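> Take a look and give me a structure for this.
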Amino acid sequence: MNDHHAIHVIKIGGSQIDDRDFLARMVTAIQQVQKQGVRPVIVHGGGNEIARLHDELGVPFDVVQGLRVTSDQSMRLVKMALGGIANLRIVRWLVNGGVQAIGLNGIDMGLIRVEKLLVDGVSLGRVGKVDAVNIEPLLRLLDQEVVPVIAPISLGYDGLSYNVNADHVAEALAVALNATKLVFLTDVPGVKIADRTMRVLPAEQIEDLIFGHFITGGMIPKARAAASAVKHGIPSAVITDLDHYQRGEGTFIVSMQPRQEVHTQLSEDDTSRPTGRE
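Take a look at the predicted model:
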């Protein structure tokens, strides 16, 4: 491993991979940061593809406290959508653009181990929370200038595959890899508070901003994951869009507390966060 080479863990959303213009600009952005000595790791979602497959095949889903339950039947479609359609699309664009890339998921080489996620004691089926990350295979790929593209399907200790929130997977990988930057790419230049895009937000204020409905919707898991990552040692976590990422801009989440060790025990309300490495 070349320590002077920075690692950026970049999470892209499922809706973005439907956009051909985004994919083309993403390839350019990856090439640009590689020329700067950055080694990118991409994590992606695929909610649109999952929803489309459920609708097309007539597979119903249940909701518990506003969260979608992943049944055994639904898990088959999740694997098709994330590990197949979405992952292959991103890799195809990167390789066609001249970037060495490989498609992976959390099951491959035991990259991401998870436990079953419970919400107030209620199971969401095949939905997991990250417990440990095996970074050695990723480091070997990065040393060969290969870009890992990771779908958030992960391996349970019970031997089953689980669906995991991609924001949480990106956070877990960033912490385990000791990344220099964790990037959440969205379709907006950053987090808006009172119609103003913020340049910096303290990690310790994120929950208050969520409680006050200043941060809402799909921005909530990104802000929480960014805040948790910097609390556990990541120097920089940013929520931004592709254009602003290339310019080094966006909303930076920073911690005002002393840096914690990666293996620090997490609090009860932080159970979806990474705890270390295998």
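> Could you pull out the strands in the stretch 1-150 of the chain for me?
When assigned using DSSP state E, counting those that start in this stretch, the strands of the stretch 1-150 of the chain occupy the ranges 7-12, 39-44, 63-64, 67-68, 101-105, 112-119, 122-133, 147-151.
> Which other helices and strands does the last one contact?
It stands for strand 147-151. strand 39-44, helix 87-96, strand 101-105, helix 136-143 (3 or more C-beta pairs under 8 Å, 6 or more residues apart in numbering; DSSP states H and E). The C-beta positions use only the backbone N, C-alpha and C, and glycine is treated the same way.
> Render the CA-only coordinates of it in CSV, please.
The C-alpha trace of strand 147-151 is given here as CSV (Å, rounded to 0.1, in the frame of the first residue of the first chain):
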residue,chain,number,x,y,z
VAL,A,147,-11.5,0.8,-8.9
PRO,A,148,-13.8,-1.4,-6.8
VAL,A,149,-17.5,-0.8,-7.4
ILE,A,150,-19.4,-2.3,-4.5
ALA,A,151,-23.1,-3.2,-4.3
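> Can you list the strands that the helix or strand that comes right after that strand pairs with?
Using DSSP states H and E, the next helix or strand after strand 147-151 towards the C-terminus is strand 153-156. Sheet pairing for strand 153-156, assigned by DSSP bridges, gives strand 112-119 (parallel), strand 161-163 (antiparallel).
> now the helix or strand that contains residue 175 and strand 101-105, what's the angle there?
Per DSSP H and E, residue 175 falls inside helix 166-177. In terms of direction (axes from the mean of the first three to the mean of the last three C-alpha atoms, to 10 degrees), helix 166-177 departs from strand 101-105 by 110 degrees.
> packing partners for helix 166-177?
strand 7-12, strand 39-44, strand 112-119, strand 122-133, helix 136-143, strand 181-185, helix 219-231.
> from those, which stretch is densest packed?
Among the helices and strands packed on helix 166-177, strand 181-185 has the highest mean neighbour count (mean count of other C-beta atoms under 10 Å), at a mean of 27.
> Run the chain-centre distance for that one.
Distance, stretch centre to chain centre, for strand 181-185: 8 Å (C-alpha atoms, centre = their mean, to the nearest Å).
> Likewise for stretch 25-44?
Worked out by C-alpha atoms, centre = their mean, stretch 25-44 lies 15 Å from the chain centre.
> can you check stretch 189-207 too?
19 Å.
> And for stretch 111-130?
For stretch 111-130, the distance to the chain centre is 16 Å (C-alpha atoms, centre = their mean).
> ditto for stretch 42-62
The answer for stretch 42-62 is 17 Å, by C-alpha atoms, centre = their mean.
> which of the residues in that stretch are buried?
Taking 16 or more other C-beta atoms under 10 Å as the neighbour-count basis, stretch 42-62 is seen to contain the buried residues 42-50, 53-54.
> Okay, and the closest residue to residue 194 other than its chain neighbours sits in which element?
Residue nearest to residue 194 in three dimensions, not counting chain neighbours: residue 214, with 7.6 Å by C-beta to C-beta, 6 or more residues apart in numbering. Assigned by DSSP H and E, residue 214 belongs to no helix or strand.
> Can you get me a residue count around residue 214?
18 (other C-beta atoms under 10 Å).
> out of the helices and strands packed on strand 147-151, which comes closest to residue 230?
Ranking those by their distance to residue 230 (criterion: C-beta to C-beta) puts strand 39-44 first, at 17.1 Å.
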